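Participant: missing the sequence, but the structure's below:
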Ligand SMILES: Cc1cc2nc3c(=O)[nH]c(=O)nc-3n(C[C@H](O)[C@H](O)[C@H](O)COP(=O)(O)O)c2cc1C
């Protein structure tokens, strides 16, 4: 199935708004949107899709948003097979207030889904961002799309547009 599953966890509604924007850009016919809090039952929801966009804000000090915690823990124990799945990650953070842990959640999701066999795509250059440290960087790039609605909300729409253009190469439903 080339349809994309978009799954997001959001505490104050920021990731939710971003996920809805991404859904609108891709088109409702090409994707399904799941709130981790309200719509997610178990890992089979994720495994229904070969193409996934996963959204997660960062809380604590570089930790994943609350609604992702239990699903990630369960997956660590059950080790479902994500081989053959293409995944891209997005999430907001705060590059000033949390400059030492900027979008750390993306790094945690990246490591876990990669260990489960998924192909992770959609890495983004760090050049457009100002921050002190981030655990979401591999091979010199962010593992997904960082956004910052606290300090740089004016950049969000363009960042999403550029990222979706990049994802066309790997997501047939976006290229359509
Ligand atoms: C208590 C607290 C801790 C946070 N920790 C981080 C962090 O470690 N790294 C980061 O980049 N952003 C951090 N943030 C910023 C949030 O990720 C940001 O506000 C985000 O937009 C929230 O999205 P949500 O409403 O979808 O959960 C933190 C915010 C709060 C209030």
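Facilitator: Perfect, I can see it now. Here the structure is a predicted model, which is why all the values come from computation and not from measurement.
Participant: show the contacting residues for residue 167.
Facilitator: Contact partners of residue 167, counting by CB atoms under 8 Å, 6 or more residues apart in numbering, are 88, 121-122, 174. In short, each C-beta sits where N, CA and C put it, glycine included.
Participant: stretch 8-19 near the ligand at all?
Facilitator: Yes: residues of stretch 8-19 contacting the ligand under CB under 6 Å from any ligand atom: 10-15.
Participant: where does the chain dip in pLDDT?
Facilitator: Within the chain, no range satisfies pLDDT under 70.
Participant: I would like the residues contacting the helix or strand where residue 88 lies, please.
Facilitator: Residue 88 is located in strand 86-92, with elements delineated by DSSP states H and E. Strand 86-92 is contacted by residues 14-15, 18-19, 22, 50-58, 65, 103, 105-106, 109-110, 113, 118-122, 143-150, 163, 167, 170-171 when judged by CB under 8 Å, 6+ apart.
Participant: sorry, back to before: pipe the residues of stretch 8-19 next to the ligand into CSV and attach secondary structure and neighbour count per row.
Facilitator: Formatted as CSV, the residues of stretch 8-19 next to the ligand follow (DSSP: H, G, I helix; E, B strand; the rest coil; neighbours: other CB atoms under 10 Å):
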residue, secondary structure, neighbour count
10, coil, 22
11, coil, 13
12, coil, 12
13, coil, 11
14, helix, 22
15, helix, 26
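Participant: before we move on, the earlier item: mind giving me the packing neighbours of the next helix or strand after the strand holding residue 88?
Facilitator: Sequence-wise, the next helix or strand downstream of strand 86-92 (DSSP H and E) is helix 104-115. Applying 3 or more CB pairs under 8 Å, 6 or more residues apart in numbering; DSSP states H and E, one finds that helix 104-115 contacts strand 51-56, strand 58-59, strand 63-64, helix 66-78, strand 86-92, strand 119-121, strand 137-138.
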